[in-house]
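Novice: I would like the atomic coordinates for the input below:
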Amino acid sequence: MYQYRGYGLSMGTMITGWDKTGPQLYYVDNDATRLHGDIFAVGSGSTYAYGVLDTYYRYDLSIEDAIELGKRAIMHAVHRDAYSGGVNNVYLVAETGWVKVWSGDTMETFFKFYPVKQVRGIQNANEA
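Specialist: You can find the predicted model right below:
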């Protein structure tokens, strides 16, 4: 990142891992800001993701619930932000390493959470 200083570019990312004290999550940006925390969202749709995370995050979430929360937060960011979209890859980071637990199109995720309903005799495209 250092080589791009002064170019007017902006970048934010999350870095996660596991050490002797447990799981760690950091936000790092192009100005070398490093923040340690429990949840972060980055990118142009992050405000929408934060809305979901702030509403539903609990420290005692099960792994399955945490994965679903992450998918939902990203889906909301993609749905509401014109500059976001594509494939959502979800990874689980544990003491033994990381594993990819899910990958899917964000629009398919939208229809999972918000199924299209039949409107006045118009058939759902999935049922046709």
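Novice: quick check, distance from the host helix or strand of Phe111 to the centre of its chain.
Specialist: In the assignment (DSSP states H and E), Phe111 maps to helix 106-113. How far helix 106-113 lies from its chain's middle: 14 Å, per Cα atoms, centre = their mean, to the nearest Å.
Novice: Which elements pack onto that helix?
Specialist: helix 63-80, strand 87-94 (3 or more Cβ pairs under 8 Å, 6 or more residues apart in numbering; DSSP states H and E). Glycine gets a C-beta too; all of them are placed from N, C-alpha and C.
Novice: so it versus helix 63-80, what angle?
Specialist: Interaxial angle of helix 106-113 relative to helix 63-80 (axes from the mean of the first three to the mean of the last three Cα atoms, to 10 degrees): 120 degrees.
Novice: any residues touching helix 106-113, and which ones?
Specialist: By Cβ atoms under 8 Å, 6 or more residues apart in numbering, the list of residues contacting helix 106-113 from outside reads 71-72, 74-75, 78-79, 84-88, 126.
Novice: tell me the mean pLDDT over that helix?
Specialist: Computed over helix 106-113, the mean pLDDT rounds to 86.
Novice: What of stretch 29-48?
Specialist: For stretch 29-48, mean pLDDT is 92.
Novice: end to end, how far does that stretch reach?
Specialist: Start-to-end span of stretch 29-48 (Cα to Cα, to the nearest Å) is 19 Å.
Novice: which residues does the residue lying closest to Asp29 once chain neighbours are set aside contact?
Specialist: Spatial nearest neighbour of Asp29, excluding adjacent residues (Cβ to Cβ, 6 or more residues apart in numbering): Gly12 at 4.5 Å. Gly12 makes contact with 27-30, 42-43, according to Cβ under 8 Å, 6+ apart.
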